[in-house]
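>>> pasting the sequence and the predicted coordinates here, then a few questions.
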Amino acid sequence: MYKAGLASTQAAYEDAFDTLFATLAALEERLSTRRFLVGGQLTEADVRLFPTLVRFDAVYHTHFKCNLHRLIDYPNLWGYARDLYQRPGFGDTTDFVQIKRHYYQTQDWINPARIVPKGPYVNWLSPHDRDRFPGTT
């Protein structure tokens, strides 16, 4: 996201953009056959990916111009993100208002007016079906 969002040339932006969405497609495919990144158990890899996913639709999609797809457009990745969010230590420590305020109000070279968008509304508490995979519930 940062390579695309902070790119200083069109070519650098497009290269980073293409790499980002190729990675999201690979994650979508991987998560179609397993509950977590490494299999049936939550690992550090999942913990490290979560902040990126939780910020994607709220910030990266618009603010960093990473707008080919939204997180919610990837059924497996979106279910995975909600699965994590609904676990103790994930959603209960996530503050979307603060996340958006930070990005939109501190990066005035991207957003000189420092306007924080009201949307998008995303229901992180909607049911997911990730428990269809064996492993930690």
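Happy to help now that I have it. Numbers count the residues shown, from 1 in each chain.
>>> tell me which residue lies nearest the centroid of the protein.
L53 (1.9 Å; C-alpha atoms, centre = their mean).
>>> distance of that one from P75?
14 Å (C-beta to C-beta, to the nearest Å). Placement of C-beta: from N, CA and C, glycine included.
>>> again, but for D129
D129 is 9 Å from P75, by C-beta to C-beta.
>>> can you check A16 too?
Using C-beta to C-beta, A16 is found at 25 Å from P75.
>>> same check on S32?
From S32 to P75 the distance is 8 Å (C-beta to C-beta).
>>> equivalent analysis for I99, please.
23 Å.
>>> just to revisit the earlier point, helix/strand/coil for the residue nearest to the centre of the chain?
Here L53 is recorded as helix under DSSP: H, G, I helix; E, B strand; the rest coil.
>>> any idea of the pLDDT on it?
Predicted confidence (pLDDT) for L53: 97.
>>> in this structure it contacts Y74, no?
No. Taking contacts as C-beta atoms under 8 Å, L53 lies outside contact range of Y74: 9.7 Å.
>>> number of residues surrounding the closest residue to W124 other than its chain neighbours?
Counting by C-beta to C-beta, 6 or more residues apart in numbering, the nearest residue to W124 once its immediate chain neighbours are dropped is Y85, at 4.7 Å. Residue neighbour count, defined by other C-beta atoms under 10 Å, stands at 17 for Y85.
>>> could you do the one 10 residues further on as well?
Residues near D95, counting by other C-beta under 10 Å, number 11.
>>> what residues does stretch 66-81 touch?
1, 4-5, 17, 20-21, 24, 27-29, 31-32, 35-36, 50, 53-54, 56-57, 60-61, 120, 122, 124, 128-130 (C-beta atoms under 8 Å, 6 or more residues apart in numbering).
>>> ok, stretch 105-116 next?
Residues outside stretch 105-116 that contact it (C-beta under 8 Å, 6+ apart) are G5, H63, F64, K100, R101, Y104.
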